[in-house]
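Participant: Sequence first, then the predicted structure:
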Amino acid sequence: MSKLSNLSRSIKGKVVLITGAGSGMGRATAHLFSDEGAKVIVTDINKDRADRVTKEITDSKGEAINLELDVSNKQQIDKTIEEIQSTYGALDCLINNAGISLPSKIDVENYSEIWDKTISVLLKGQVEMIRSSLDLIRESESPRIVNISSTEGFGATPGASPYTAAKHGVIGLTRSLATELGKEGITVNCICPGPITTDMTSEIPEDHKEIYSRRRVPLKRYGDPEEVAHATLSLCLPASSFINGAVLTVDGGMSIKRA
Ligand code: NAP
C-alpha cells in the first residue's frame, strides 16, 4: 500500500494576508501563522495596532510586515496588494477577518447609515479583497481564502439585522466562490465563530457573559481568539486541499444545542 501522508501539514514560508489583524481573532491568527513559519502581512484600519502586532511577531523572530488597510477603501486594498506583489511576489492565503459590530434596530433614524457601513466592511470588503488579490492567489501552489462569518450567519439576534444580513452574505459569498474558483484549485471556506472574548465583546458585562455561556454554550464559556485561529490555520494547510465551500462553526457547540 502506498504511503498515506503525502500532503503537507506545514504553512512554513507561505505568504498570508490577514485583515483586521490588530486585535482579537485577527491578531491571534497572525501570531499562530507566524509561529508556524508563515510570512504574515498584518493589516488593520488602525495602523498603531497593526504596528504593535507586527512588532510582537518580529520581536519573537517571526516574519511580518504591517500595512494600514481599511477594507471598505478600494484604493487602499489595491495599494496593499501592489505592495505585497513588490515585497513578496506571492500570496498564498487571504484571511478576510476585519469586522465591526454596530447593533441597530430597524426603526432607528440612522439605520441606513449603519446598514451601508456594516455591509461595506463585513461583506463588500471581503468581495473587494478577493477581487484584488485573485491574480496573485492564482499563482500559489496551495491557494486558500478563508472568510470569517459568525453564528449570526445562520441564526439571528434581535436588533442586529445589518450584521446578521452581512454574515449570512459571507456564507453565500463563500459557497458561490467555492463553486466558481474550485476548478482553479483555489479553496474558499468560511468560519463561523460563536461568542469569543475579544474587543468586539468587551463591553458585555462579565456576569452577562457567564449567564449566556451557562445557558447557551455546551462548553459553558466564551471561546478564546486562538481557538478560532487554529480552525483558520487548519483550512489554510496545503493538506486541506479538498475542503472547499465549508462552513466551519467554532462555537463550543452553541448552535446545535436545543435545550
Ligand atoms: P476585534 O477584536 O474588534 O477585531 C476586529 C479588528 O478589525 C479591529 O482591529 C478593528 O479595528 C478592525 N477593523 C474594523 N473595521 C475595519 C476596516 N474597515 N478595515 C480593516 N480593519 C477594520 O473583533 P473580533 O471579535 O476579533 O472580530 C474578528 C471577526 O470575527 C469579525 O469579522 C467579527 O465580525 C467576527 N466575529 C466575532 C465574534 C466575537 O464574539 N468576537 C463572533 C463571531 C464573529 P477597530 O477596533 O479600530 O474598529
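Facilitator: Thanks, I have the structure now.
Participant: Pull the residues that contact the longest helix along the chain.
Facilitator: In the chain, assigned by DSSP state H, the helix with the most residues is helix 161-181. Residues outside helix 161-181 that contact it (CB atoms under 8 Å, 6 or more residues apart in numbering) are 96, 101-104, 106, 111, 114-115, 118-119, 122-123, 126-127, 130, 145, 147-150, 152-157, 187-190, 192, 244-245, 247. For glycine as for every other residue, the C-beta is placed from the backbone atoms N, C-alpha and C.
Participant: residue contacts, Thr198?
Facilitator: Taking CB under 8 Å, 6+ apart, one finds Ser23, Gly24, Met25, Pro225 in contact with Thr198.
Participant: give me phi/psi at it?
Facilitator: Main-chain torsions, Thr198, degrees, to the nearest 10: phi -140, psi -180.
Participant: related to what we said a few turns ago, if you rank the contacts of Thr198 by neighbours, which is first?
Facilitator: Among the contacts of Thr198, Met25 has the most neighbours (other CB atoms under 10 Å), with 30 neighbours.
Participant: what about that residue, which helix or strand?
Facilitator: helix 24-35 (DSSP states H and E).
Participant: by how many degrees do the helix or strand just after that helix and helix 24-35 diverge?
Facilitator: Using DSSP H and E, the helix or strand that follows helix 24-35 in sequence is strand 39-44. Put simply, strand 39-44 runs at 160 degrees to helix 24-35, going by axes from the mean of the first three to the mean of the last three CA atoms, to 10 degrees.
Participant: so what secondary structure elements neighbour strand 39-44?
Facilitator: strand 15-18, helix 24-35, helix 47-59, strand 63-68, helix 74-87 (3 or more CB pairs under 8 Å, 6 or more residues apart in numbering; DSSP states H and E).
Participant: Alpha carbons only: can I get the third one in PDB?
Facilitator: This file holds the C-alpha atoms of helix 47-59, laid out as PDB (Å, rounded to 0.1, in the frame of the first residue of the first chain):
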ATOM      1  CA  LYS A  47      -2.200  51.500  12.000                       C
ATOM      2  CA  ASP A  48      -0.900  51.700  15.600                       C
ATOM      3  CA  ARG A  49      -2.400  48.300  16.400                       C
ATOM      4  CA  ALA A  50      -1.100  46.700  13.200                       C
ATOM      5  CA  ASP A  51       2.400  48.100  14.100                       C
ATOM      6  CA  ARG A  52       2.100  46.700  17.600                       C
ATOM      7  CA  VAL A  53       1.200  43.200  16.500                       C
ATOM      8  CA  THR A  54       3.900  43.300  13.800                       C
ATOM      9  CA  LYS A  55       6.500  44.200  16.500                       C
ATOM     10  CA  GLU A  56       5.200  41.400  18.800                       C
ATOM     11  CA  ILE A  57       5.800  39.000  15.900                       C
ATOM     12  CA  THR A  58       9.200  40.300  14.800                       C
ATOM     13  CA  ASP A  59      10.400  40.500  18.400                       C
END
